[in-house]
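> Sequence and predicted structure, then a few things I'm wondering about:
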Amino acid sequence: MNGRVDANMVTTGVELPGYRIVKTVGLVRGIVVRSRSILGNIGASLQTIVGGNITLFTDMCEQTREESLELLMEHAAQRGGNAIIGMRYDANEIMQGVTEVLAYGTAVVVERAS
């Protein structure tokens, strides 16, 4: 089995077009806990003066989501899945300045539909 599920085999839907589910493996997740640095907070504070998109936080959020997705795809492969359906993100503040980002879904085994 590959080290991770291919990103093309991850969907927020309950089915994967062109494939049929032959086995449900179960719930899988990827969790990343991230804190903001003091320098990042200062840089973001300066960006708020100008207004608009706060790119330091946008970049941090995007990187954190990408890392949690990678962990999710690895977890699915470890459990024997080759696809993930019902994929979602969730985020919670654990303490001030520390956030957990969770990517989760259902690992399944699919094969091409005939």
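Thanks, I have it.

> Show me how far the helix of greatest length in the chain is from its chain's centre.
When every helix of the chain is counted residue by residue (DSSP state H), the longest turns out to be helix 55-78. From the chain centre to the centre of helix 55-78 is a distance of 5 Å (C-alpha atoms, centre = their mean, to the nearest Å).

> could you point out which element follows that helix?
strand 83-95 (DSSP states H and E).

> Return the alpha-carbon coordinates of the strand ranked longest in the chain using PDB.
Counting residues, the longest strand found in the chain (DSSP state E) is strand 19-35. Below are the C-alpha coordinates for strand 19-35, written out as PDB (Å, rounded to 0.1, in the frame of the first residue of the first chain):
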ATOM      1  CA  TYR A  19     -15.600   4.400  -8.700                       C
ATOM      2  CA  ARG A  20     -17.600   2.100  -6.500                       C
ATOM      3  CA  ILE A  21     -17.100   1.600  -2.800                       C
ATOM      4  CA  VAL A  22     -16.200  -2.100  -2.100                       C
ATOM      5  CA  LYS A  23     -15.300  -1.600   1.600                       C
ATOM      6  CA  THR A  24     -15.700   1.000   4.300                       C
ATOM      7  CA  VAL A  25     -12.600   1.200   6.400                       C
ATOM      8  CA  GLY A  26     -13.800   3.800   8.900                       C
ATOM      9  CA  LEU A  27     -13.100   7.200  10.300                       C
ATOM     10  CA  VAL A  28      -9.700   8.700   9.700                       C
ATOM     11  CA  ARG A  29      -8.200  12.100  10.700                       C
ATOM     12  CA  GLY A  30      -5.200  14.400  10.400                       C
ATOM     13  CA  ILE A  31      -4.600  16.800  13.300                       C
ATOM     14  CA  VAL A  32      -2.200  19.800  13.400                       C
ATOM     15  CA  VAL A  33      -1.800  22.100  16.400                       C
ATOM     16  CA  ARG A  34      -0.300  25.400  15.500                       C
ATOM     17  CA  SER A  35       0.600  28.500  17.500                       C
END
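
> Tell me which residues are up against it.
Strand 19-35 is contacted from outside by 15, 60, 64, 67-76, 79-81, 83-85, 94, 97-113, using C-beta atoms under 8 Å, 6 or more residues apart in numbering. (Glycine included, C-beta is placed from N, CA and C.)
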